[in-house]
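Sequence first, then the predicted structure:
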Amino acid sequence: MLLHIKKTRDKTYLIDGNPYFISGLGCFIVTFLLGLIVRKGLDKAFLNATGLTILVTLIIYVFDQAGKKKHRKILSSKLFQYLLAAGFEVEEQSKYMGLIGEINQTTFRVYYDWNKLSKGFFSFGDVVIISYFEPLISNFDTRTVDEEHLEDLNRKYKETFWTSKRIFARFAPTFFIRHLNYYPFMKTETVLSELDKISNLIKESGLTPLSKKMLEERQKEFGYNYAPPIETFELEQVE
């Protein structure tokens, strides 16, 4: 499906579909409107918008394919091989490949994402760390998210993980996610230190971490709520 707008459980709307179509459509609309604003005429604005859209879509496609290839090949890097030696296991689901394991009774997923959220010089991807816990729910019958508690946690630990606007980290209703700038010379100790830090954070927050077995059961029952937020992880949504 090229474009699909769906309503989520929290009554917000999510635009989903082919990423190349969505980015191309956005580029065409903006470029076309700019062409009209500067009075290039309808025909000229259309041709310019079409040409630029094709070029931009092609560039996005090339970088996207290269990123997906890196996502899988990075497991053979020293960093991820050291994590395997530390007790992690390879997790493969459709085109997704990452690591999963437990440290200090806390389950973690670690993987490479070429769609960066943390900003760093000469870093073209992120190492993503996710830890899972019992959901922040205020009403289990309606599965209502405890938004107040969620906001309090993100506000409380802002100075711990958000010391710079260049860094991305946050609490979600079922997990904590941290993006680290990836570099080829990245040390394993850097990742292991973050794992310990996040594990302590979960316990200090009074949250109950999930075991690997429990995470797998929750994922089967609740689908993407317990899956890594990356497009290569394809899992049928459980309604």
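On my side now, so go ahead. Numbers count the residues shown, from 1 in each chain.

Okay, residue 191 and residue 70: tell me how far apart.
17 Å (C-beta to C-beta, to the nearest Å). Yep, even glycine has a C-beta here, placed from its N, CA and C like the rest.

before we move on, what about residue 207?
32 Å.

between the two, who's got more neighbours?
residue 207 (20 against 16; other C-beta atoms under 10 Å).

who are the neighbours in contact with that one?
Listed by C-beta atoms under 8 Å, 6 or more residues apart in numbering, the contact partners of residue 207 are 133, 134, 136.

Repeat the analysis, applying 6 Å as the threshold.
For residue 207, the contacting residues are residue 133, by C-beta atoms under 6 Å, 6 or more residues apart in numbering.

Check the secondary structure at it for me.
coil (DSSP: H, G, I helix; E, B strand; the rest coil).

Equivalent analysis for residue 109, please.
Per three-state DSSP, residue 109 ends up strand.

how many other residues sit next to it?
Neighbourhood size, residue 109 [other C-beta under 10 Å]: 24.

Below-threshold pLDDT in the chain: ranges please.
For the chain, applying pLDDT under 70 flags the ranges 1-25, 39-40, 140-141, 159-166, 236-239.

Would you map the strands across it?
For the chain, the strands defined by DSSP state E cover 3-7, 13-17, 89-93, 96-103, 106-113, 126-132, 137-139, 144-145, 168-171, 175-181.

distance between the fourth one and the chain's centre?
I take that to be strand 96-103. Here the centre of strand 96-103 is set off from its chain's centre by 14 Å, with C-alpha atoms, centre = their mean, to the nearest Å.

How about the last one?
A distance of 8 Å separates the C-alpha centroid of strand 175-181 from that of its chain, computed with C-alpha atoms, centre = their mean.

repeat for the shortest one
Distance of strand 144-145 from the chain centroid (C-alpha atoms, centre = their mean) equals 21 Å.

Residue 49 reaches residue 32, doesn't it?
Yes - at 3.9 Å, residue 49 and residue 32 qualify as touching, with contact defined as C-beta atoms under 6 Å.

Helices of the protein, start to end?
All helices of the chain, identified by DSSP state H, fall at 19-37, 42-73, 78-85, 147-156, 158-161, 188-204, 212-222.

of the ones you listed, which approaches residue 100 most closely?
Judged by C-beta to C-beta, the one of these that comes nearest to residue 100 is helix 212-222, at 6.5 Å.

If we go by neighbour counts, what in the closest one is buried?
Residues of helix 212-222 classed as buried: 212, 215, 218, 219 (neighbour count, 16 or more other C-beta atoms under 10 Å).

repeat for stretch 49-58
Applying a neighbour-count criterion of 16+ other C-beta under 10 Å, one finds 49, 52, 53, 56, 57 buried in stretch 49-58.

how about those in CSV, adding distance to residue 75?
Formatted as CSV, the buried residues of stretch 49-58 follow (distance: C-beta to C-beta, whole Å):
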residue, distance to residue 75
49, 40
52, 37
53, 35
56, 31
57, 29
